[in-house]
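Colleague: 3D model of this:
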Amino acid sequence: MEMIDRNRETQLTEKVAGEAAGSSNRFLDRPARQTLSGADLGHVDRHELEFQRLKAKIHEELVESLDLSRVTHLGRLHSRGELRAVAERLCTNRREMLNRLDRERMIEELMDEMFGLGPLERLLKDKNIADVLVNGPHHVYIERFGKLEITDVVFADDNHLMRIIQRIVARLGRRIDEVSPMVDARLPDGSRVNAVVPPLALDGPTLSIRRFGSEPLGIHDLTERHSIHDDMVTFLAAAITARVSFLIAGGTGAGKTTLLNALSTFIPQSERLVTIEDSAELNLRHRHVVRMETRPPNTEGMGEITQRDLVRNALRMRPDRILVGEVRGPEVLDMLQAMNTGHEGSLTTIHANDTRDALSRMEMMVAMAGFELPMAVTRQYIATGIKLIVHLSRLVGGERKVMRVTELLEVADGNYVSQDIFGFEQLGVTPDGAAFGEFYTTGNRPSCLSRMRAAGCVLPDSMFEAKRFGVLAKDLPSVSDETADSVL
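Modeller: A predicted model of the protein is given here:
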């Protein structure tokens with residue numbers, strides 16, 4: 001076991017050294033941008049900025065101390081422990097600049113620079129952080145509990161940030177520089193990373209990391225957080241069992257993928273699922289899943305595999321259901337064909353502001369497929385494949401809610417005929433800036449109940465009687481008793 005760990009450490013150390021040796025590209029060779037003015041850096045701790053700049057200098061000395069000409073023996077000569085000893089010696093030489101606590105912190109962060117993601121390491125260790133957003137070297141934001149906040153994390157300069165970005169993408173087998181200044185990829189832990197560097201990014205390199213927990217939120221978690229009502233869950237679970245195809249719509253960060261993950265637990269374990277995504281985010285707790293992910297073109301512009309290619313191929317893989325992480329283009333036509341030709345119960349998500357906007361976007365995507373179909377035919381095709389639309393929204397204060405569950409009935413006189421089954425109404429905003437409201441049932445009886453009944457899912461008629469469920473105490477975190485009484 002010790003030999004195996006040693007081999008892994010050797011490979012990692014060689015990789016670090018290789019990255020350090022090959023990090024001089026045209027971007028890094030350019031002079032660093034001028035330091036921002038004091039007004040621009042008003043939120044930055046000057047001591048922290050100087051600490052990071054000193055760390056960058058010591059890191060360069062640490063890399064130079066490695067005998068890169070003997071890189072094949074790097075693991076034996078410079079194990080992690082020996083690298084730490086070198087770092088300790090370099091920090092001790094600057095004892096007049098570093099007190100004892102700063103020296104210990106410097107050594108730990110130097111190890112993060114060599115083997116991890118530098119200043120971002122401590123953010124990535126916090127499981128409550130959902131997004132890490134780096135807008136240049138001196139502005140690092142996070143999203144925690146649904147709210148954005150700026151951090152005290154800074155990089156020494158553009159080159160420091162660029163080195164971390166290159167380390168991330170290099171380990172994924174990708175490249176980023178002035179020739180290829182954008183990259184979108186997935187980290188080994190499932191987190192999604194996007195980076196844009198100059199000349200496209202005008203204020204220095206930018207990095208966005210959207211994290212996904214090792215244990216995705218389940219449907220019980222969503223009901224406990226009051227993101228969805230129990231009656232909605234019962235209805236959608238019956239729809240999945242009865243193989244009613246539906247669409248989950250919402251804006252960025254509304255929780256579309258999270259809801260799709262949670263609802264997938266109601267799919268019978270006996271079925272074969274095929275998932276298709278641009279960047280794999282789904283984490284299905286299912287026995288029989290085939291996961292596929294698109295591939296971007298290489299540096300020569302060749303080898304691209306699109307979602308449409310994967311959807312077409314999935315039809316040859318004997319799937320019971322196809323789950324597309326998010327439809328963005330012409331693959332929506334192939335997805336609709338699957339739903340209309342024996343793959344009922346397939347699920348997908350779409351970026352849209354409401355249910356009507358979701359239908360309009362699907363029409364536009366069908367047109368992108370290159371077929372000049374009459375609008376009436378396109379709408380009929382959509383209405384035949386999609387039976388339900390679940391719309392989510394991220395409200396003020398970061399709360400995610402299922403805003404509407406809509407049934408798409410038919411197309412009459414060229415227009416969609418639909419009815420809302422469930423909804424959520426926002427009633428106001430608390431003094432803390434959090435939105436509050438209540439779920440309700442419209443009183444419309446779904447036409448798909450007969451199909452659910454045939455599948456063995458009998459829902460009581462009382463579930464669909466018009467009623468409101470009242471404002472929940474959780475939605476009123478800081479409201480006084482008098483205010484709470486007035487809204488309940």
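
Colleague: hey, let's count contacts and neighbours off CA atoms from now on
Modeller: Will do.

Colleague: Now stretch 49-62: buried residues?
Modeller: 49, 51-56, 58-59, 62 (16 or more other Cα atoms under 10 Å).

Colleague: ignore the last one, stretch 415-423
Modeller: Buried residues in stretch 415-423, defined by neighbour count with 16+ other Cα under 10 Å: 416, 418-423.

Colleague: quick one: low-confidence ranges for this structure?
Modeller: 1-45, 62-82, 93, 95-96, 99-101, 213-215, 471-488 (pLDDT under 70).

Colleague: Domain parsing of it, as residue ranges.
Modeller: 2-210, 219-487 (automatic domain parsing).

Colleague: At the geometric centre of the protein, which residue do we find?
Modeller: Taking Cα atoms, centre = their mean as the criterion, R210 is the residue nearest the geometric centre of the chain, at 4.3 Å.

Colleague: out of the domains of the chain, deepest packed?
Modeller: Greatest average neighbour count among the domains of the chain goes to domain 219-487 (a mean of 18), per mean count of other Cα atoms under 10 Å.

Colleague: the strands in the stretch 351-488 of the chain, which residues?
Modeller: Using DSSP state E, counting those that start in this stretch, the strands found in the stretch 351-488 of the chain span residues 388-394, 400-412, 415-429, 435-441, 467-468.

Colleague: The last one - contacts with which helices or strands?
Modeller: Contacting strand 467-468 under the criterion 3 or more Cα pairs under 8 Å, 6 or more residues apart in numbering; DSSP states H and E are the following elements: strand 435-441.

Colleague: strands paired with the strand it packs on, and their directions?
Modeller: Strand pairing for strand 435-441, using DSSP bridges, gives strand 415-429 (antiparallel), strand 467-468 (antiparallel).

Colleague: which one of those lies closest to L315?
Modeller: strand 415-429 (28.1 Å; Cα to Cα).

Colleague: Can you list the neighbours in contact with that closest one?
Modeller: For strand 415-429, contacts defined as Cα atoms under 8 Å, 6 or more residues apart in numbering pick out 232, 376, 379, 383, 396, 401-411, 435-446, 464.

Colleague: coming back round to it: name the nearest residue to the residue nearest to the centre of the chain, sequence neighbours excluded.
Modeller: D131 (4.6 Å; Cα to Cα, 6 or more residues apart in numbering).

Colleague: Just the residues contacting the helix or strand where that neighbour lies, thanks.
Modeller: Per DSSP states H and E: D131 is located in strand 129-135. Here strand 129-135 makes contact (Cα under 8 Å, 6+ apart) with 123, 140-145, 203-212.

Colleague: Of the residues you listed, which belong to strands?
Modeller: Counting by DSSP state E, the part of those found in strands is 140-144, 206-210.

Colleague: Now compare those residues and name the two farthest from each other.
Modeller: Pairwise across the ones in strands among the contacts of strand 129-135, and taking Cα to Cα, the largest span is found between R144 and T206, at 19.3 Å.
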